[in-house]
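Novice: the following comprises the amino acid sequence and a computationally predicted model.
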Amino acid sequence: MTYSGSVFPIIEANCFLCHTGSTPQGNILLDNYENISAHARIPTGQPGSLYGAVSHASGNSPMPKNGNKLSDCDIRRIKIWIDAGTPDN
């Protein structure tokens, strides 16, 4: 599982609309590796947790907002990458 081949395309397709630019929704900017990995390292249940948001975990705002939950496969890809230490690969 790689950031560039697996995780970034999921984030780009599902999160860029609201979480890029000069006024990202919820003040959560997900436009590059540094920002995405920072949110990936926030524990599930804590505000701003990438995994908590996409898995719709208790204590997190479910994302994508007003959209369909990501596929179980995409959520699992993100989780594997996080569990691997969020490598920039």
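Specialist: Yep, it's here.
Novice: what about stretch 45-60, distance to the chain center?
Specialist: Relative to its chain's centre, stretch 45-60 lies at 9 Å (Cα atoms, centre = their mean, to the nearest Å).
Novice: what's next to it, contact-wise?
Specialist: The contact list for stretch 45-60, computed with Cβ atoms under 8 Å, 6 or more residues apart in numbering, reads 14, 28, 30, 36, 39-40, 42-44, 61-63, 69-70, 74-75, 78-79, 82. Just so you know, the C-beta spots here come from the backbone N, C-alpha and C atoms, and that holds for glycine as well.
Novice: pull out the buried members of those.
Specialist: Buried members of these, counted by 16 or more other Cβ atoms under 10 Å: 14, 28, 30, 36, 39-40, 42, 44, 63, 70, 74-75, 78-79, 82.
Novice: just those residues now: which is nearest V7?
Specialist: Among the buried ones among the contacts of stretch 45-60, I78 lies closest to V7 (Cβ to Cβ), at 5.9 Å.
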